[in-house]
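J.: predicted model and sequence below, questions to follow.
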Amino acid sequence: FGGGTVARAPTLPAVAPWTLAQRLTAEHEALGLYLSDHPITPYREELDELTDVTLANLGRMEGRRVRIAGLLVAQRTLTRARRTHFLTLDDRTDRAEITLFDRVFEQCRAALVKNTVVVVEGDVSADEYTGGYRLVAKDVYTLTQARERLGTVLRVHLHPHADAAHAQAVLRTLGAHAGG
């Protein structure tokens with residue numbers, strides 16, 4: 001408006017880009033959903049080795065014991081004659097509510113941390129109330145526990161520029177522990 005002075009843009013400090021976890025946390029806090037990715041994505045390949053089915057395909061497994069994994073997004077307890085616990089898992093393909101009876105809940109209580117990946121073994125059956133399917137948990141593991149107890153594959157990714165001596169050292173170390 002006629003003064004002739006030009007406002008200068010402020011100088012912004014140089015900052016490191018957010019990690020995937022930081023970005024997703026901020027998205028979820030601001031929007032209530034994950035927009036650019038999903039927290040389970042970095043584990044997807046590993047979880048494919050540890051699980052039988054995704055949540056989207058759980059209904060195809062009626063009458064079977066299965067192993068699934070997902071991000072624990074909610075948890076609630078219903079008290080009637082006995083306490084029943086419900087976990088809501090999200091594996092990016094779908095969300096599912098998992099039923100835990102009190103004995104199982106008490107055994108795995110430490111693994112039930114919101115916004116962490118858990119692995120669940122349980123039985124799939126038709127849910128007459130909802131018309132869908134339900135999974136009654138028999139065991140719940142943290143991702144670390146699942147790796148230790150259920151893992152059958154070890155993949156080692158070396159940096160593309162790693163030298164032969166480094167690769168040989170890794171092979172020697174792994175070879176010393178083969179089969180155990």
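T.: Nice, I can see it.

J.: so for the protein, the centremost residue is which one?
T.: residue 117 (2.9 Å; CA atoms, centre = their mean).

J.: what are the bridge partners for that one, then?
T.: According to DSSP bridges, the residues that bridge with residue 117 are residue 71.

J.: surely it and residue 68 touch.
T.: No - using CB atoms under 8 Å, residue 117 is not in contact with residue 68; the gap is 11.1 Å. C-betas here are computed from N, CA, C, even on glycine.

J.: any common contacting residues for the two?
T.: Contact with both residue 117 and residue 68 is made by no residue, according to CB atoms under 8 Å, 6 or more residues apart in numbering.

J.: CA atoms only: put the helix or strand of the chain with the lowest mean pLDDT into CSV for me.
T.: Across the helices and strands of the chain, mean confidence by mean pLDDT, DSSP states H and E is lowest for helix 164-175: a mean of 84. What follows is helix 164-175, C-alpha atoms only, in CSV (Å, rounded to 0.1, in the frame of the first residue of the first chain):
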residue,chain,number,x,y,z
ALA,A,164,33.7,-59.1,0.8
ALA,A,165,35.5,-59.2,4.2
HIS,A,166,32.4,-57.8,5.9
ALA,A,167,30.1,-60.3,4.2
GLN,A,168,32.4,-63.2,5.2
ALA,A,169,32.4,-62.0,8.8
VAL,A,170,28.6,-62.0,8.9
LEU,A,171,28.5,-65.5,7.4
ARG,A,172,31.1,-66.8,10.0
THR,A,173,29.1,-65.3,12.9
LEU,A,174,25.8,-66.8,11.6
GLY,A,175,27.4,-70.1,10.8
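
J.: what sits up against that helix?
T.: Contacts to helix 164-175, defined as CB under 8 Å, 6+ apart, come from residues 154, 156, 158.

J.: of the residues you listed, closest to residue 12?
T.: The shortest gap between residue 12 and any of the contacts of helix 164-175 belongs to residue 158, at 37.6 Å (CB to CB).

J.: look up how far residue 146 lies from the closest one.
T.: Computed as CB to CB, to the nearest Å, the residue 158 to residue 146 distance reads 24 Å.

J.: more crowded one of the two?
T.: Using other CB atoms under 10 Å as the criterion, residue 158 and residue 146 rank with residue 146 on top: 25 against 10.

J.: helix/strand/coil for that one?
T.: Under DSSP: H, G, I helix; E, B strand; the rest coil, the three-state class of residue 146 is helix.

J.: check contacts around the nearest residue to it once chain neighbours are set aside.
T.: Excluding the flanking residues, the one nearest residue 146 by CB to CB, 6 or more residues apart in numbering is residue 119, at 3.9 Å. By CB under 8 Å, 6+ apart, the residues touching residue 119 are 47, 50-51, 67-69, 140-143, 145-146, 150.

J.: narrow those to those that are buried.
T.: Burial by neighbour count, judged by 16 or more other CB atoms under 10 Å, picks out 47, 50, 51, 67, 68, 69, 140, 141, 142, 143, 145, 146 from those.
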